[in-house]
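> A structural model of the following input is requested.
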Amino acid sequence: MSAVVREILEALALAIVVFILIQASAQNFRVEGSSMAPTLEGQQYLLVNKLAYFNFDVERFSRIIPFWKVDKSSESRPFRSPRFGEIIVFRFPGEPKRDFVKRVIGLPGDRIEIVDGRVAINGAVYSEPYVNGPFSTNMASITMKEGEYFVMGDNRAHSNDSRSWGPVPEKNVVGKVWLVYWPFSEVGVPR
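Numbers count the residues shown, from 1 in each chain. So this is what the prediction gives:
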C-alpha cells in the first residue's frame, strides 16, 4: 500500500474516532419557546454535556468479560446524578423523540408541593431567584420515586413541565446544559 493511501486511511480513521467521541459526549440543542425565560430564550443554541450524568450499566458490561458476575441491579454513575437547580435536556416522556430543557426541582425521594406559586421541597419553601415573575399554581404533594426527577421551566406561568405530565425518568435525561453559544452576543454559562 502506498504511503499516500495509508496516510489518507489513518486520517479517516482518526476523523471517525473524533466524531464518535464528540457525538458521545456533547450535543447541540436549540431552545424553543419561552418556558425557560429569562434564563434561556427561544432560538438560543446550547451545548449539552452528555457525560455529566452518564450511567454505566455494569451488568451489561459484565456479560462481555468472562468470569465476572455482578448483581443484575448494579449500575455505576462515574460522574454523578442531576442536582437541584441544574438545567438539563431530556427526552420528553410523552414523546421520546422530542427533547425538552428544564430546571431540576425535585430529586429521587423528594416530596414536592406547590401552594400559591411557591415550591416546597420536603416541607421547606425555596427561594428561586431565576423564576420569571409570579405564578399562582397549586399542586398537591407528590413524592419522587427512585430514578425520577421533577422539572419546571423558569417561566412558570408559561411552561409545560412536570406539573402537567409528571416526573422525568432518569433514563430520559440526555445531559446537563453547559453553555449558550448562539447568538454570539449571549454566549455564557446559564445559571
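> Which helix or strand in the protein has the lowest average pLDDT?
helix 58-62 (a mean of 61; mean pLDDT, DSSP states H and E).
> Give the next helix or strand downstream of it.
Using DSSP states H and E, the helix or strand that follows helix 58-62 in sequence is strand 87-91.
> tell me which strands and helices that following strand is in contact with?
In terms of contacts (3 or more C-beta pairs under 8 Å, 6 or more residues apart in numbering; DSSP states H and E), strand 87-91 is packed against strand 99-106, strand 148-152, strand 173-182. For glycine as for every other residue, the C-beta is placed from the backbone atoms N, C-alpha and C.
> could those strands be laid out in CSV, adding distance to residue 158, mean neighbour count and mean pLDDT?
Shown next, in CSV, are those (distance: least, C-beta to C-beta, whole Å; neighbours: other C-beta atoms under 10 Å; pLDDT from 0 to 100):
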stretch, distance to residue 158, mean neighbour count, mean pLDDT
strand 99-106, 13, 23, 96
strand 148-152, 11, 24, 97
strand 173-182, 19, 19, 93
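> can you tell me which of these comes nearest to residue 45?
For the helices and strands packed on strand 87-91, the distance to residue 45 is smallest for strand 173-182, at 3.9 Å, taking C-beta to C-beta.
> With distance to residue 112 as added columns, please give the helices and strands packed on strand 87-91 in a markdown table.
Below are these laid out as a markdown table (distance: least, C-beta to C-beta, whole Å):
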| stretch | distance to residue 112 |
| --- | --- |
| strand 99-106 | 4 |
| strand 148-152 | 5 |
| strand 173-182 | 17 |
